[in-house]
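Chemist: Sequence plus the predicted model coming up.
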Amino acid sequence: MNAITETDKTENEDSEAAAVSEWASVSGLLRAEMGEAAYQSWLKPMTIREVVDGVVRISVPTRFMRDWVVAHYVDRLSELWRLENADIQEVEVYVQADRPPRPAAAPVAAEPVSNQGRPGDDYRSEISAPLDRRFTFDQFVVGKPNEFAYAAARRVSEAPQPPFNPLFLYGGVGLGKTHLMHAIAWHIRETGPDRTVIYLSAEKFMYRFIRALREQNTVDFKDQFRSVDVLMIDDVQFMAGKESTQEEFFHTFNALVDQGRQIVISADKSPSDLEGMQERLVSRLNCGLVADIHATTYELRLGILQSKAQQLNVDIPQRVLEFLAHKITANVRELEGGLNRVVAHSQLVGREITLEATQEVLHDLLRANDRRVTIEEIQKQVAQHFNIRISDMHSARRARSVARPRQVAMYLAKQLTSRSLPEIGRKFGGRDHTTVMHAVKKVEELRDHDSGFAEDVELLRRMLEG
Ligand code: ADP
Ligand code: MG
């Protein structure tokens, strides 16, 4: 940590000493909070310039650091500072001027960015979007559907030279693309803090480009984007049909690849399936490693729920987690949202988390996910599997050869849809809800004692869910 190095000599020496001691305790606290690696990267290079009229002015060596500090630490910094000195209103972060700082009252360098949300007028100050703290490799649960994309992302974040260029990540919404990109950025920032990493959405890229055009600033724009070590553009499908943005991106892309810089791209489809993209850009995107993230499996969903429950530090019964993993299959974002709602509800009303409460709280979400499997599909699939007629699902026949499959279908209807017991009963030839309840119990019992039967049921479940 650097002490005050430049101060106005006319400043009161007492307040200077006070500022140094305040900074020492504030930075000590922050160091403890953020951990050693982050401290070395972000806090240590800071220099406190002055504390004047309730404003703390700090400078950092690079623009990137300033943006990072403003995005991640400045709020906490001013909070802690206020605890030391209630007069502090604001903390401003500057980029150190290359030339020796001018003495005197004038701020040290141009482009102040403060926690008061004063936007840096210069578009460069916001070039990289802020990163989500939770999106690290540590917090990414790896399973079959995403292990390839995960390994590729790790490799990119660890390699000093681009192992493949670009890394193109694609997959449906809410499956972890943004999470992996942020994780790459975090990792590189921690292990090689002098490498410049820029992460932004394709939409922001376009917005900045248009602004640069309007302000006749394209030379700066190009310089900025072409001087980075790692450029990550999220949701590139947004560029579909945007000819001039694609054109600019194409040139940026080539310039960076030529200089051996890493590019990471994400999209909702593979390069070749993207529509409205220029042929030459598509062929560039295909040049590196294309890694897809598949739809989640039951095992991955359960793993993610367990990990999130642990992070939330709440005890959630295993059967509730299993239930959620079975029911919320659309994507991880919904799964997380569901879990958060259940936890928030239980904390609000001060009630234990139970299966019943979960079903109640998530009623709407469960219905929406239900649209995927209908009772009719279950009946058809089960009938096929056991080689009986679909009409036997509704018939009154009680022979075990048809009664057992019917019970399995009822059980699966209970598990895979959010229909109530009476509703299910009606769909099975107008049977009573107690019959359905009995079927569910019976299947659970058999499943526990007969592993062959359990496998059958599990297989059916997978087929219906997949
Ligand atoms: P995408 O960018 O593909 O639409 P996100 O990266 O935004 O999806 O992921 C949506 C949410 O799901 C995020 O909160 C993310 O942390 C979480 N998530 C996705 N995949 C995983 C995973 N494998 N492990 C832990 N959390 C995940
Ligand atoms: Mg995303």
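Modeler: Done, it's in. Ligands and ions are numbered 1, 2, ... in the order given.
Chemist: Which strand or helix spans the residue nearest to His385 when sequence neighbours are not counted?
Modeler: Spatial nearest neighbour of His385, excluding adjacent residues (CB to CB, 6 or more residues apart in numbering): Leu460 at 5.9 Å. From N, CA and C alone the C-beta is placed, and that goes for glycine too. According to DSSP states H and E, Leu460 maps onto helix 451-465.
Chemist: Quick check: the closest residue to ligand 1 within the stretch 1-150 of the chain vs His179, distance?
Modeler: Nearest residue of the stretch 1-150 of the chain to ligand 1 (CB to the nearest ligand atom) works out as Val141 at 3.7 Å. According to CB to CB, to the nearest Å, Val141 and His179 sit 10 Å apart.
Chemist: If we ignore the residues flanking it in sequence, what's nearest the residue in the stretch 201-350 of the chain that ligand 1 sits nearest to?
Modeler: Of all residues in the stretch 201-350 of the chain, Val332 sits closest to ligand 1, at 3.5 Å by CB to the nearest ligand atom. Computed as CB to CB, 6+ apart, the closest residue to Val332 that is not its neighbour in sequence is Gly174, at 5.4 Å.
Chemist: At which residues are the strands of the protein located?
Modeler: Ranges of strands in the chain, per DSSP state E, are 47-52, 55-60, 90-95, 113-114, 167-171, 197-201, 230-234, 262-267, 289-293.
Chemist: Please state the offset of the third one from the chain centre?
Modeler: Translated: strand 90-95. 28 Å (CA atoms, centre = their mean, to the nearest Å).
Chemist: can I get the CA coordinates of that strand in CSV?
Modeler: The C-alpha atoms that make up strand 90-95 are tabulated as CSV, following Å, rounded to 0.1, in the frame of the first residue of the first chain:
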residue,chain,number,x,y,z
GLU,A,90,-17.5,10.1,-1.6
VAL,A,91,-14.6,8.2,-2.9
GLU,A,92,-13.3,9.0,-6.4
VAL,A,93,-10.9,6.8,-8.3
TYR,A,94,-8.5,8.2,-10.9
VAL,A,95,-6.2,6.8,-13.4
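Chemist: How about the residues of the stretch 201-350 of the chain by ligand 1?
Modeler: With CB under 6 Å from any ligand atom as the criterion, the stretch 201-350 of the chain meets ligand 1 at residues 304, 332-333, 336.
Chemist: Filter those residues down to the buried ones.
Modeler: Among these, those scoring as buried are 304, 332 (criterion: 16 or more other CB atoms under 10 Å).
Chemist: Of the residues of the stretch 201-350 of the chain next to ligand 1, which belong to helices?
Modeler: Judged by DSSP state H, those include 304, 332-333, 336 as members of helices.
Chemist: Pick out the most distant pair among those.
Modeler: Ile304 and Arg333 (10.7 Å; CB to CB).
Chemist: just to revisit the earlier point, pretty sure the residue of the stretch 201-350 of the chain closest to ligand 1 sits against Gly176.
Modeler: Yes. If you go by CB atoms under 8 Å, Val332 and Gly176 touch, sitting 6.1 Å apart.
Chemist: residues in contact with the closest residue to Glu444 other than its chain neighbours?
Modeler: Spatial nearest neighbour of Glu444, excluding adjacent residues (CB to CB, 6+ apart): Tyr411 at 7.5 Å. Contact analysis of Tyr411 by CB atoms under 8 Å, 6 or more residues apart in numbering lists 439-440, 443-444, 457.
Chemist: let's go with 7 Å and repeat that
Modeler: By CB atoms under 7 Å, 6 or more residues apart in numbering, Tyr411 lies in contact with 439-440, 443.
Chemist: Weed out the non-buried ones from those residues.
Modeler: Buried among these (16+ other CB under 10 Å): 439-440, 443.
Chemist: Make a markdown table from those residues and add distance to Phe323 and pLDDT to it.
Modeler: Formatted as a markdown table, those follow (distance: CB to CB, whole Å; pLDDT from 0 to 100):
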| residue | distance to Phe323 | pLDDT |
| --- | --- | --- |
| Ala439 | 18 | 96 |
| Val440 | 13 | 95 |
| Val443 | 16 | 96 |
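Chemist: so which of the residues you listed comes closest to Leu200?
Modeler: Checking these against Leu200 with CB to CB, the nearest one is Val440 at 50.3 Å.
Chemist: In this structure the closest one contacts Leu412, no?
Modeler: No. Val440 is beyond contact range of Leu412, at 9.7 Å (criterion: CB atoms under 7 Å).
Chemist: on that earlier part again, JSON lines for the contacts of Tyr411, including distance to Arg189?
Modeler: Supplementary listing: the contacts of Tyr411 in JSON lines, determined by distance: CB to CB, whole Å:
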{"residue": "Ala439", "distance to Arg189": "55"}
{"residue": "Val440", "distance to Arg189": "51"}
{"residue": "Val443", "distance to Arg189": "52"}
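Chemist: what residue lies at the spatial centre of this structure?
Modeler: His179 (3.5 Å; CA atoms, centre = their mean).
Chemist: Enumerate the residues of this protein near ligand 2.
Modeler: 177-178 (CB under 5 Å from the ion).
Chemist: Tell me where the model's unsure across the chain.
Modeler: For the chain, the stretches flagged by pLDDT under 70 are 1-17, 35-38, 40-41, 64, 97-126, 369-371, 466.
Chemist: Many thanks, I have nothing further to ask.
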